[in-house]
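Participant: Provide a 3D model corresponding to the input given below.
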Amino acid sequence: MRCLNRGRGIHSTGAKRMGGDHGHGHDEPYYLHAKHMYNLDRMKNQKLQVPLAVITAVGIGVGVPIFAVVYQQKKTASA
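Facilitator: Below is the predicted model of the structure:
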């Protein structure tokens, strides 16, 4: 069997730039905070906030699927 190249291909348009400045990267009014957004060493109450954020993320990551399974099983059992 022979494959013929018929000129079909995957193509996409260029990525849109934010700020309307034709892609020069000067998004100053909107992203002034981005340079120092993840400086955890400067965070106030770091010893409280970081473990609390991790526990919250893990709790949501474990709790939502468990809730979904229990809800689905109850829904199936009552039908």
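Participant: Give the helix, strand or coil label for His11.
Facilitator: At His11 the chain is in coil, as set by DSSP: H, G, I helix; E, B strand; the rest coil.
Participant: elements contacting the strand or helix carrying Val69?
Facilitator: Using DSSP states H and E, Val69 falls within helix 46-78. If contacts are counted by 3 or more C-beta pairs under 8 Å, 6 or more residues apart in numbering; DSSP states H and E, helix 46-78 sits against no helix or strand. All C-beta atoms are positioned from the backbone trio N, CA, C, and that covers glycine.
Participant: from here on, count from 48
Facilitator: Done: numbering now begins at 48, and the last item shifts to helix 93-125.
Participant: model confidence over that helix, on average?
Facilitator: In this model, helix 93-125 carries a mean pLDDT of 95.
Participant: List the buried residues for that helix?
Facilitator: By 16 or more other C-beta atoms under 10 Å, helix 93-125 has no buried positions at all.
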